[in-house]
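Colleague: Sequence plus predicted model, see below.
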Amino acid sequence: MIAAAVQPVVKQMTWGWFDIVVLCVLAFGLFRGRRNGMSQELLPLFQWLILVSVCAFLYPMAGQFYINTFHWGKLTSYICGYITLAFVVLLIFGILRKLFGERLGKSGAFKGGEYYLGILSGLIRTACILIVVLAFLNAPVYTEADVQAHAAYVKKNLGGDMYSGDYFPTLQQVQEQVFKNSCTGPFVKENLGMLLINNTATPLPAKPQPKIMVGGQ
């Protein structure tokens, strides 16, 4: 019964190139964490956990600062706000590493669990890095009109006859491959969407309809 229930779910899963990239990156993080040990992984782990959390929940406020100050667009402001917060976190942890990094690395504070915890730490750290990459990839919003306009432009300027002119993948195509044609992307967007840059278009307020006066009323 369990196999029968799991089978439709497995069939619905779409594996893509991005899933292979994720597996390779996580495997690298696992290897790196095993080599470094938890004592050396502690500060980098906290750095990325805090960076993902701070940037995810504060980038709208930081972005609003750029909107109000420089009158930039929403997308540019949100990305700059995210980058600014990330820079602040990296700067703080850069100072902490200079102060405590060498001492922590030589302490062996985790003893027997040093390398087992290091493996887990490396895995979590690389997962956080992937989430940051996905946050930026999720930021642009493309409408069907944007996609068609780009296709018409490249066909006119780079293509002709049987050739579409679309020789290299666009950011919109990469975004679609990651968030629609893979297992990892849709899972992250559905369950960890609050950690991404969400730049949904805000509808313009409806204009008030003029009142028609009848009979002098």
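Modeller: Perfect, I can see it now. Keep in mind that what you see is a predicted model, and the values were worked out from it rather than measured.
Colleague: Pull the contacting residues for the nearest residue to Leu195 once chain neighbours are set aside.
Modeller: Leaving out its chain neighbours, the residue that sits closest to Leu195 by CB to CB, 6 or more residues apart in numbering is Ala56, at 4.3 Å. C-beta coordinates here come from the backbone N, C-alpha and C atoms, glycine included. Ala56 makes contacts with 135, 194-196, as judged by CB atoms under 8 Å, 6 or more residues apart in numbering.
Colleague: May I see those arranged in JSON lines, with secondary structure as well?
Modeller: Shown next, in JSON lines, are those (DSSP: H, G, I helix; E, B strand; the rest coil):
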{"residue": "Ala135", "secondary structure": "helix"}
{"residue": "Met194", "secondary structure": "helix"}
{"residue": "Leu195", "secondary structure": "helix"}
{"residue": "Leu196", "secondary structure": "coil"}
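Colleague: And the furthest pair within these?
Modeller: Maximum pairwise distance in those, criterion CB to CB, is 10.4 Å, between Ala135 and Met194.
Colleague: now the helices for this structure?
Modeller: In the chain, the helices defined using DSSP state H lie at 2-12, 17-36, 38-70, 74-96, 102-107, 114-138, 144-157, 171-179, 184-191.
Colleague: Quick check: mean pLDDT of stretch 54-67?
Modeller: Across stretch 54-67, the average pLDDT comes to 97.
Colleague: With neighbour numbers in mind, choose between Ala135 and Met194.
Modeller: Ala135 (23 against 8; other CB atoms under 10 Å).
Colleague: In this structure Tyr66 contacts Ile83, no?
Modeller: No - applying CB atoms under 8 Å, one finds Tyr66 not in contact with Ile83, separated by 10.4 Å.
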